[in-house]
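[1] following is a predicted model, sequence given first.
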Amino acid sequence: MKRMIKNGIYLVVDPAMPLMKLLPLLEQVLEAGVSTVQVWDHFPAGCDPVAYTRAIMDIGKKFNVPVLINQNIALFFETGADGIHFDQVPNQYDKLREQAGPDSIIGITCGNDMERVQWAAENNIDYISFCSMFPSASAGVCEIVNPANILKAREIFSGKIFLSGGITPANMANLAPLKTDGIAVISGILSAADPAGAARNYLNTFEQQATVL
């Protein structure tokens, strides 16, 4: 059965964090309300990507939270993760979609590329994301997104839209007019002194803004 991607806080996990440190923190932040997890395809030397990902998936299943793989198609199939997130349009997408099956979640980062938004709409992609909304060390390779492009994407794409890059509870109000379905966070949660508290703060701020729209 397809584990649906929900509105709210989407956490990107950097495998540079040792698994023994990550797992208890991950359990805390999922309990605090994080609704989706993506494993970044940035494994350090000596790390077993399959074992690392499967350990995360075990916690995701406990909280019924989907775990997605970033970019790495081989790892996606080998682990049986809930889905895969692309940073660019993959080659032979139709074949990939058929092999992955209808229960797999597929997302893609669009940035300011409206042709990619159109492609996502035409290919029934589950969600799209926009990076980076603000300058961010974690999302350093992303260009700053023009908010007007997100509003245009709303007219083209009917699935969920997530925003990422430099977003904090303090600056989230600036994004309220864009009516996002969720916020993707990398370092703002797991690098916080209190990750569970940070997750709750992000989620509460997001939900408060959704309520007033």
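    That came through fine. Residues are numbered from 1 along each chain as shown.
[2] how distant is the helix or strand of the chain with the lowest mean pLDDT from the center of its chain?
    Each helix and strand of the chain was given a mean pLDDT (mean pLDDT, DSSP states H and E); the minimum falls on helix 195-212 at a mean of 90. Distance of helix 195-212 from its chain centroid, counting by C-alpha atoms, centre = their mean, to the nearest Å, is 16 Å.
[3] stretch 75-83 now?
    Distance, centroid of stretch 75-83 to centroid of chain: 15 Å (C-alpha atoms, centre = their mean).
[4] give me the contact list for it.
    Residues outside stretch 75-83 that contact it (C-beta atoms under 8 Å, 6 or more residues apart in numbering) are 2-3, 5, 39, 41, 49-50, 53-54, 57, 60, 66-69, 84, 99-100, 104-107, 126. No exception for glycine: its C-beta is placed from N, CA and C like everyone else's.
[5] which of these are buried?
    Applying 16 or more other C-beta atoms under 10 Å to the contacts of stretch 75-83, the neighbour count classes 3, 5, 39, 41, 49, 53, 57, 60, 66-69, 84, 100, 104-107, 126 as buried.
[6] all helices for the chain, in order.
    Assigned by DSSP state H, the chain shows helices spanning 19-31, 49-62, 73-79, 93-100, 114-122, 147-156, 187-190, 195-212.
[7] comparing these by mean pLDDT, which bottoms out?
    Among the helices of the chain, helix 195-212 has the lowest mean pLDDT, at a mean of 90.
[8] contacts for it, please.
    Contact with helix 195-212 is made by 7-9, 11, 25, 28-29, 31-34, 169, 172-173, 175-176, 182-183, 185, 188-189, 192, as judged by C-beta under 8 Å, 6+ apart.
[9] can you flag which of those belong to strands?
    Among the contacts of helix 195-212, the ones falling in strands (DSSP state E) are 8-9, 11, 182-183, 185.
[10] format those as JSON lines; extra columns: pLDDT.
    Output for these, formatted as JSON lines (pLDDT from 0 to 100):
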{"residue": "Gly8", "pLDDT": "97"}
{"residue": "Ile9", "pLDDT": "98"}
{"residue": "Leu11", "pLDDT": "98"}
{"residue": "Gly182", "pLDDT": "96"}
{"residue": "Ile183", "pLDDT": "96"}
{"residue": "Val185", "pLDDT": "95"}
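[11] can you lay out those as TSV showing neighbour count and distance to Asn204?
    Below are the ones in strands among the contacts of helix 195-212 laid out as TSV (neighbours: other C-beta atoms under 10 Å; distance: C-beta to C-beta, whole Å):
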residue	neighbour count	distance to Asn204
Gly8	19	11
Ile9	27	10
Leu11	25	16
Gly182	23	14
Ile183	27	12
Val185	24	14
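[12] much appreciated, bye for now.
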